[in-house]
Each structure stands twice: as structure tokens, then as C-alpha cells.
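>>> starting from these lines, generate the structure:
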Amino acid sequence: MNGVLENLQVEKSDFYYRAGSALFSKKNLDMATDRSIKLITRMPDNVLLAKDAIDEVIKHLDDLDTITIKDHKGQSYDYWVTKDTR
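Model (predicted):
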């Protein structure tokens with residue numbers, strides 16, 4: 001992957017891997033953490049924690065942080081984010 005990032009002139013610290021809910025598993029999240037890979041993924045609806053998380057976030061929309069991520073073309077995208085370490 002570093003070769004690809006180098007070719008695109010993207011620093012690893014600025015790169016986020018974006019994936020669908022199929023990536024969401026403890027094993028995959030642990031591997032990404034071990035390799036210092038930043039992920040944006042979706043928790044599948046069939047995970048009980050997903051419903052609880054959505055309900056909790058809705059209660060605190062005004063407290064969410066916003067991050068801006070640029071794609072390889074320089075287009076910016078804003079995301080509301082929160083962190084839960086449960």
C-alpha cells in the first residue's frame with residue numbers, strides 16, 4: 001500500500017481506508033489498529049450495538065466532532081464522528 005500512497009503523494013497519516021460493513025469485525029479492526037491503519041466503515045445493522053450507538057448519537061448530535069477528509073481529487077467530505085471504546 002505504501003507504494004500506492006507514494007505514487008499518489010499521500011502521507012500515510014492522511015490516508016483513511018473506507019470500506020463497507022463487510023470489513024467490520026473484531027479481527028479486522030484489531031489488525032488495522034496493529035498496523036496504524038485508519039478506517040471509516042459502517043457497523044452492520046444486525047449488530048445489537050449498532051442500534052444502541054445510533055440511539056445514543058441521536059441524543060448528542062450537538063456534541064459530535066466534525067472531520068473533513070479529502071479524496072484523491074481534492075474533493076472535501078465532512079463527517080460527524082464520535083468515539084466509543086466499549
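>>> so where's this protein shaky on pLDDT?
1-2, 84-86 (pLDDT under 70).
>>> make it 90
Applying pLDDT under 90 to the chain flags the ranges 1-20, 35-37, 39-47, 49-65, 71-72, 80-86.
>>> how about the helices of it, start to end?
2-8, 26-34, 48-59 (DSSP state H).
>>> out of those helices, which is closest to Lys70?
Between Lys70 and the helices of the chain, the shortest separation by Cβ to Cβ is 11.7 Å, and it involves helix 2-8. Just so you know, the C-beta spots here come from the backbone N, C-alpha and C atoms, and that holds for glycine as well.
>>> can you put the helices of the chain in TSV and add distance to Ile69 and mean neighbour count?
Below are the helices of the chain laid out as TSV (distance: least, Cβ to Cβ, whole Å; neighbours: other Cβ atoms under 10 Å):
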stretch	distance to Ile69	mean neighbour count
helix 2-8	14	9
helix 26-34	16	11
helix 48-59	19	11
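>>> nearest to Asp14, out of those helices?
helix 2-8 (8.8 Å).
>>> what's the offset of the closest one from the middle of its chain?
Centroid displacement of helix 2-8 relative to its chain, using Cα atoms, centre = their mean, to the nearest Å, is 20 Å.
>>> for Ala19, which non-adjacent residue is closest in space?
Distances taken as Cβ to Cβ, 6 or more residues apart in numbering put Thr41 closest to Ala19, at 4.9 Å, once the chain neighbours are dropped.
>>> residues near that neighbour, how many?
Using other Cβ atoms under 10 Å, Thr41 has 17 other residues around it.
>>> would you mind measuring from it to Asp62?
25 Å (Cβ to Cβ, to the nearest Å).
>>> again with Ser76
Distance from Ser76 to Asp62, by Cβ to Cβ: 22 Å.
>>> who has more neighbours, the two?
Between Ser76 and Asp62, counted using other Cβ under 10 Å, the more crowded position is Ser76 (8 against 5).
>>> surely the more buried one and Lys70 touch.
Yes: Ser76 lies in contact with Lys70 (Cβ atoms under 8 Å); the separation is 5.2 Å.
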